[in-house]
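Asks: need coordinates for the below:
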Amino acid sequence: MMSFKRYFLPVFVFMVSVSASAQTRMTRGEYIQKYSQLALENQETHGIPASITMAQALFESDCGNSRLAVLANNHFGIKCKKDWTGQTILHDDDAKGECFRKYPSVEASFRDHCDFLDKSPRYAALFELDPLDYKGWAQGLQKAGYATNPKYAEMLIKIIEENELYVLDEMDAGPVDMAQITVPVVEEEQKPTKPVEKIDVDNYVVTVAGNGEYASYVNNGSMFVVAKAGDTYKSMSAKLKVSERKLRKFNDVGPDHEPLEGEAVYVKAKANRSLNGRLLHTVTEGETMHSISQKYGIKLRKLLKINRRPADALLMPGSQIRLM
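Replies: So this is what the prediction gives:
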């Protein structure tokens, strides 16, 4: 992977003008640096590419300088709709004096934008796309009627590519000062890590609470339950109060997979690497990258990246898989 510094140099190296005026406009680079963390957090919880969230926010809020953004913390131009019970603001858009949502904070605006997409059936097909397919997301938003502008997808893609926002789609949520990142992510992960102690993962799983019909367990900091005979992701979704789409995402499975009796089903996102001090796993007969990711509570895409292997890699018994 190319240096992160190289990726973000066009975005984050900019001159900040010093002005005594409170009306100083926020630049595109300043906006990205200030709010990209919110996009990353929502990417983690909702599966919406951070590049798409940032491009929409930049365009809809005019880099945080629009009237709706300044007076109502509305960074996505979301109108009231029938189900909105929060505060409102009138604003001229397609018609004069239309009702728009007003938020107590920018964070609330970003959260509501993700909920708006996640809960609306018209956008359901977007969540089946590759999470790195920002073009598909942009085109899907336009096709689903998110905006009336016939060039909406084209404009989002242009913003993403001009600012190389697609790099965000491969990042994780967490404290990030992107202006100071100069080391490629791959290099960070390739640095030899000496565990403080080796812990048998089988002894690390602990029961933490009851969860309706299921006992809940923690593995590598991530919570899971054990599937029972006849369980499906749909039936478990209803019992666990977690959407089927999220359950499948948390467990790195497609629409055709159903859990087997005794199989671990994660109800929270798995970790990015081993947090238990366990550095390596020795492959046994029949194991796959997916089964190892489930065993250790590590996201499949992260495990694949650490080991530079595809998801369908043929694993030879006795070979070793890095966990951190």
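Asks: show me where the stretch 201-324 of the chain has its helices.
Replies: Ranges of helices within the stretch 201-324 of the chain are 233-240, 244-250, 289-296, 300-307, based on DSSP state H, counting those that start in this stretch.
Asks: show me the strands in the stretch 101-250 of the chain, by range?
Replies: 206-211, 214-219, 222-226 (DSSP state E, counting those that start in this stretch).
Asks: what about the second one, average pLDDT?
Replies: Strand 214-219 shows an average pLDDT of 80 in the prediction.
Asks: select the longest helix from this protein.
Replies: helix 28-46 (DSSP state H).
Asks: show me what counts as buried in it.
Replies: 28-33, 35-43, 46 (16 or more other CB atoms under 10 Å). Yep, even glycine has a C-beta here, placed from its N, CA and C like the rest.
Asks: tell me the one of those nearest Lys158?
Replies: The closest of the buried residues of helix 28-46 to Lys158 turns out to be Arg28 (CB to CB; 12.2 Å).
Asks: apart from its neighbours in sequence, what residue is nearest the residue nearest the centre of the chain?
Replies: Central residue of the chain (CA atoms, centre = their mean): Gln43, 2.1 Å from the mean position. Once flanking residues are discounted, Gln43 sits nearest to Ala50: 4.3 Å by CB to CB, 6 or more residues apart in numbering.
Asks: do Lys79 as well
Replies: Nearest residue to Lys79, sequence neighbours excluded (CB to CB, 6+ apart): Phe100, at 5.4 Å.
Asks: check what pLDDT the one you found gets.
Replies: pLDDT, Phe100: 93.
Asks: let me know the closest of the buried residues of helix 28-46 to Asn65.
Replies: Tyr31 (8.7 Å).
Asks: neighbours around the closest residue to the closest one other than its chain neighbours, how many?
Replies: In space, and not counting its chain neighbours, Tyr31 is closest to Cys63: 4.4 Å by CB to CB, 6+ apart. Using other CB atoms under 10 Å, Cys63 has 20 neighbouring residues.
Asks: same question, Leu126
Replies: 24.
Asks: quick check: it touching Cys114?
Replies: No - look at Leu126 against Cys114 with CB atoms under 8 Å: they stay out of range, at 11.8 Å.
Asks: what's the domain layout of this protein?
Replies: Taking automatic domain parsing as the domain assignment, the ranges for the chain are 4-78+106-187, 201-322.
Asks: re earlier: how much space between the residue nearest to the centre of the chain and Ile52?
Replies: Distance of Gln43 to Ile52, given as CB to CB, to the nearest Å: 9 Å.
Asks: what do you get for Asn65?
Replies: From Asn65 to Ile52 the distance is 21 Å (CB to CB).
Asks: repeat for Asp115
Replies: Distance of Asp115 to Ile52, given as CB to CB: 15 Å.
Asks: report the residue spans of the stretch 1-150 of the chain with pLDDT below the cut-off.
Replies: Along the stretch 1-150 of the chain, the model assigns pLDDT under 70 to residues 1-23.
Asks: make it 50
Replies: Across the stretch 1-150 of the chain, the ranges flagged by pLDDT under 50 are 1-22.
Asks: just to revisit the earlier point, which helices and strands sit right next to the helix or strand containing the residue nearest to Lys79?
Replies: Counting by DSSP states H and E, the secondary-structure element that holds Phe100 is strand 98-101. With contacts taken as 3 or more CB pairs under 8 Å, 6 or more residues apart in numbering; DSSP states H and E, strand 98-101 sits against helix 67-72, strand 88-91.
Asks: tell me which of the ones you listed sits nearest to Met171.
Replies: Once the helices and strands packed on strand 98-101 are compared by CB to CB, helix 67-72 is nearest, at 24.0 Å.
Asks: I'd assumed Val267 was in contact with Tyr217.
Replies: No - applying CB under 8 Å as the test, Tyr217 and Val267 come out as separate, 10.0 Å apart.
Asks: common neighbours of the two, please.
Replies: 223-225 (CB atoms under 8 Å, 6 or more residues apart in numbering).
Asks: closest to Gly286 among these?
Replies: Nearest to Gly286 out of the shared contacts of Tyr217 and Val267 is Phe224 (CB to CB; 20.8 Å).
Asks: find the nearest non-adjacent residue to Glu128, please.
Replies: Pro255 (7.6 Å).
Asks: so that neighbour makes contact with Leu247?
Replies: No - checked against CB under 8 Å, the pair Pro255 and Leu247 is beyond contact range at 11.6 Å.
Asks: out of those two, which sits in the busier spot?
Replies: Taking other CB under 10 Å, Pro255 and Leu247 do not tie; Leu247 has more neighbours (19 against 10).
Asks: coming back round to it: for the shared contacts of Tyr217 and Val267, pick the one with the most neighbours.
Replies: Phe224 (24 neighbours).
Asks: so who does that one touch?
Replies: Applying CB under 8 Å, 6+ apart, one finds that Phe224 lies in contact with 216-218, 264-268, 297.
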